[in-house]
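Peer 1: Structure for the following, please:
(one chain, ligands or ions: 1)
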Amino acid sequence: MRSTPSIEQFLPLQSDLGKLAYQTLQQGKGALSLAHKVVSNRLSDLVVPERDKGMELPPEVLQKITQLRQQLLETDWEDAEKGIYPVSLLFDTNWEDTLQYYPQVWLDMANVWQRVREKNYQDFQTPIDKENYPKYYLQNFHHQTDGYLSDQSANLYDLQVELLFSGTANPMRRRILAPLKEAVEAFRDTPPAQKRVLDVACGTGYTLQGIRATLPKASLYGVDLSPAYLRKANQILSQIPGELPQLLHANAEELPYLDNYFHSVTSVFLFHELPPQARQNVINEAYRVTQPGGTFIICDSIQALDSPEFAPNMKNFPIIFHEPYYRHYITDDLVKRLETAGFTEVQTMKHFMSKYWVAKKAASVA
Ligand SMILES: C[S@@+](CC[C@H](N)C(=O)[O-])C[C@H]1O[C@@H](n2cnc3c(N)ncnc32)[C@H](O)[C@@H]1O
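Peer 2: Next up, the predicted model:
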């Protein structure tokens with residue numbers, strides 16, 4: 001007599017199918033991004049032939065990029081399978097925004113070309129009160145129309161980042177989640193709902209979305225200097241289950257929170273966009289607002305010293321995308337900056353084109 005198969009027998013198959021679905025989704029994103037880059041580069045060659053295109057990447061660099069992208073996606077899948085965050089997070093693509101805003105990426109290209117041709121990096125079409133922002137912030141980062149300071153920019157930003165990183169922006173952001181979960185869970189005597197996590201420069205909220213999926217009960221906070229990006233973050237985060245993170249408009253150099261308030265603080269893709277002193281100021285503030293025993297986790301671009309094989313990419317990036325502080329950033333010693341602020345036990349790691357710093361605030365601070 002044949003016995004009825006148990007649900008457990010199907011679990012490996014379900015897992016294999018899930019992984020295949022995730023890989024297929026990422027391959028699709030990779031192919032679409034490549035097609036977008038090829039067509040937009042050809043058009044840019046026609047319209048702005050005089051622009052600096054950077055150097056061509058040697059085949060071994062391209063090969064290494066493919067290999068590291070694969071590894072990143074593998075780690076992303078493994079972390080989901082380990083239960084650090086739900087597998088469903090891996091499939092959480094905002095297709096509605098993609099369809100709605102992709103045509104606008106193309107329509108906006110004429111504005112980008114004009115700024116590139118004129119080498120105009122401080123062009124704001126939407127009226128803004130310049131007094132409210134540090135000078136270093138008033139830039140068309142990535143040649144974006146209105147920099148970070150309009151709703152149009154907030155609507156296009158994630159799509160542009162997805163195209164730039166071929167669908168790996170969220171997998172890179174998610175690499176903060178395993179160390180974050182460990183750090184927050186280390187506060188064993190604190191009930192989950194009383195654990196507080198702050199995301200500094202939260203932008204349109206995708207890191208907070210990952211944190212919400214990883215720590216469903218924690219109290220989440222986000223701070224950013226762009227009112228438009230915060231509006232967008234509010235829109236995105238309102239659609240997911242769980243308590244809405246508290247979002248505040250502020251300069252990360254002067255965080256509007258009490259000392260020792262957060263169990264953990266995170267920051268993703270901010271530091272390469274700050275001048276050196278602002279980098280130190282933000283780290284000092286992160287230290288001030290982190291509880292003793294808490295952790296600060298940074299995710300940002302790879303750097304020159306520990307990723308020499310990607311020197312051509314690091315050379316091209318600030319040329320092709322307006323990134324005025326990137327050259328300094330890639331040689332900046334963030335471990336030293338973290339230690340100067342008071343953090344200890346700083347660990348670093350790399351995934352694909354991103355680097356991570358996990359720093360502790362000692363449990364008993366003298
Ligand atoms: C490259 S985006 C990264 C956004 C988001 N963390 C992500 O993962 O997409 C940089 C963000 O930093 C914010 N930002 C830059 N300088 C800042 C500052 N001094 N204080 C607060 N936010 C800042 C920008 O408004 C923008 O949202």
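Peer 1: tally of neighbours for Gly242?
Peer 2: 14 (other CB atoms under 10 Å). Just so you know, the C-beta spots here come from the backbone N, C-alpha and C atoms, and that holds for glycine as well.
Peer 1: ok, now Pro324?
Peer 2: Counted with other CB under 10 Å, residues neighbouring Pro324 total 13.
Peer 1: Tell me the pLDDT of the residue nearest to it when sequence neighbours are not counted.
Peer 2: Closest residue to Pro324 apart from its sequence neighbours, by CB to CB, 6 or more residues apart in numbering: Gln139 at 6.2 Å. Gln139 carries a pLDDT score of 88 in this model.
Peer 1: Can you give me every residue that contacts Gln139?
Peer 2: Contact analysis of Gln139 by CB atoms under 8 Å, 6 or more residues apart in numbering lists Tyr121, Gln122, Gly147, His322, Pro324.
Peer 1: what does Ile297 give?
Peer 2: Per CB under 8 Å, 6+ apart, neighbours of Ile297: Ile176, Pro179, Leu180, Ala183, Ser264, Val265, Thr266, Ser267, Tyr356, Trp357, Val358, Ala359.
Peer 1: remind me, longest strand of the chain?
Peer 2: Counting by DSSP state E, the longest strand found in the chain is strand 290-301.
Peer 1: need the next SSE after it, C-terminal direction.
Peer 2: Downstream of strand 290-301, the next assigned helix or strand under DSSP states H and E is helix 311-320.
Peer 1: For the following helix or strand past that next one, buried residues please.
Peer 2: Counting by DSSP H and E, the element after helix 311-320 in chain order, helix or strand, is helix 326-329. By 16 or more other CB atoms under 10 Å, the buried positions in helix 326-329 come out as Tyr326, Arg327, Tyr329.
Peer 1: which of these lies closest to the ligand?
Peer 2: Tyr326 (11.0 Å; CB to the nearest ligand atom).
Peer 1: which one is the closest one nearest to, not counting chain neighbours?
Peer 2: Closest to Tyr326 by CB to CB, 6+ apart is Pro318, at 4.1 Å.
Peer 1: wouldn't Ser44 be in contact with Asp52 here?
Peer 2: No: look at Ser44 against Asp52 with CB atoms under 8 Å: they stay out of range, at 11.3 Å.
Peer 1: tell me which parts of this protein are close to the ligand?
Peer 2: Contact residues, the chain versus the ligand (CB under 6 Å from any ligand atom): 137, 148, 173, 201-203, 206-207, 224-226, 229, 251-253, 268-270, 273.
Peer 1: tell me the contacts of the residue in the stretch 201-350 of the chain positioned nearest to the ligand?
Peer 2: Residue nearest to the ligand within the stretch 201-350 of the chain: Gly203 (2.6 Å; CB to the nearest ligand atom). By CB under 8 Å, 6+ apart, the contact set of Gly203 is Tyr157, Asp224, Ser226, Tyr229, Ala233, Val268, Phe269.
Peer 1: nearest to Thr126, of these?
Peer 2: Ser226 (11.6 Å; CB to CB).
Peer 1: ok, the closest one - contacts?
Peer 2: Neighbouring residues of Ser226 by CB under 8 Å, 6+ apart: Tyr148, Leu149, Ala154, Gly203, His249.
Peer 1: Would you report the backbone torsion angles of it?
Peer 2: phi -110, psi 110 (degrees, to the nearest 10).
Peer 1: Lys350 now?
Peer 2: Dihedral angles of Lys350 (phi, psi; degrees, to the nearest 10) stand at phi -130, psi 150.
Peer 1: quick one: secondary structure of the nearest residue to Val87 once chain neighbours are set aside?
Peer 2: Leaving out its chain neighbours, the residue that sits closest to Val87 by CB to CB, 6+ apart is Ala80, at 4.5 Å. The local conformation at Ala80, judged by DSSP: H, G, I helix; E, B strand; the rest coil, is helix.
Peer 1: Assess the claim that Glu345 and Lys361 are in contact.
Peer 2: No: using CB under 8 Å, Glu345 makes no contact with Lys361, being 9.6 Å away.
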